[in-house]
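# Just to be clear, the model below is a prediction. Sequence and coordinates:
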Amino acid sequence: MAFELPPLNFSPNALAELGMSQETFEYHHGKHHNTYVVALNGLVEKNPALQGKSLEELIKMSYNNAELTPVFNNAGQHLNHSQFWDSLSPKGGKLPGKLEAKITEDFGSVDAFKEAFKQAGVTQFGSGWAWLVLSPEGKLKVTKSANASTPLVTGEGKVLLTYDVWEHAYYIDFRNRRPDYISNFLDKLANYEFAEANLLAA
């Protein structure tokens, strides 16, 4: 069965007053993400060894495999973007109680967490992602990855929340001001309820 572009959980203009325009979603979700999905389906169609595999299986089997680098890039970007859309909310920026308590326990304060999460994205050279994960030891941790990489293959933990620092994620709305885009995400757009649900499920 072919992979599909996941629908947004909100209308494309729902975040416009919060700093992420409908035009951004038309390009980022409708064009960029869709291109990864179409390319991945084409690669799977041509290779019987890839057929019938889940997205996660494709990512794991293509990781650090030079012959399957295109598969990893497109599968990784499909997964990462799907997690990013879930990490956004028109009612974002509000920390629910259990997540806030865990953040305070593991980072010392909400402000310290936000600063660490922001710096992960600011210091990611070039394209990539910043992640809030629950480590195998049960601690919240902030990390980052380049290009299409994901904690699924680095073993750093279960993804709770992510944001995209490829330029196409913010250039329409923030031009080259990546730090401003990240601050806006953390304060207004981050779906912390999604992060808490992932934490409780883990």
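Received it, and whenever you're ready, just let me know what you need.
# would residue 78 count as being in a helix?
Yes: if the criterion is DSSP: H, G, I helix; E, B strand; the rest coil, then residue 78 is within a helix.
# pLDDT value on it, please?
Per-residue pLDDT puts residue 78 at 98.
# excluding its backbone neighbours, what's nearest it?
Spatial nearest neighbour of residue 78, chain neighbours left out: residue 36 (5.0 Å); criterion: Cβ to Cβ, 6 or more residues apart in numbering. The way it works is simple: take the backbone N, C-alpha and C, and place the C-beta from them, glycine included.
# How many neighbouring residues does the one you found have?
Using other Cβ atoms under 10 Å, residue 36 has 22 neighbouring residues.
# Is it in a helix, a strand, or coil?
helix.
# repeat for residue 141
strand.
# And the closest residue in space to it that isn't next to it in sequence, how far from residue 120?
Nearest non-adjacent residue to residue 141, counting by Cβ to Cβ, 6+ apart: residue 135, 4.7 Å away. According to Cβ to Cβ, to the nearest Å, residue 135 stands 14 Å off from residue 120.
# can you check residue 43 too?
Taking Cβ to Cβ, one finds residue 43 at 30 Å from residue 120.
# Tell me which of these two has more neighbours.
residue 120 (22 against 18).
# pretty sure the more buried one contacts residue 145?
No: using Cβ atoms under 8 Å, residue 120 is not in contact with residue 145; the gap is 9.5 Å.
# Next, show the common contact partners of the two.
residue 131 (Cβ atoms under 8 Å, 6 or more residues apart in numbering).
# what's residue 163 sitting at in phi/psi?
phi -140, psi 150 (degrees, to the nearest 10).
# Adjust the sequence numbering to begin at 204 for everything that follows.
Sounds good: first residue 204 from here, last item residue 366.
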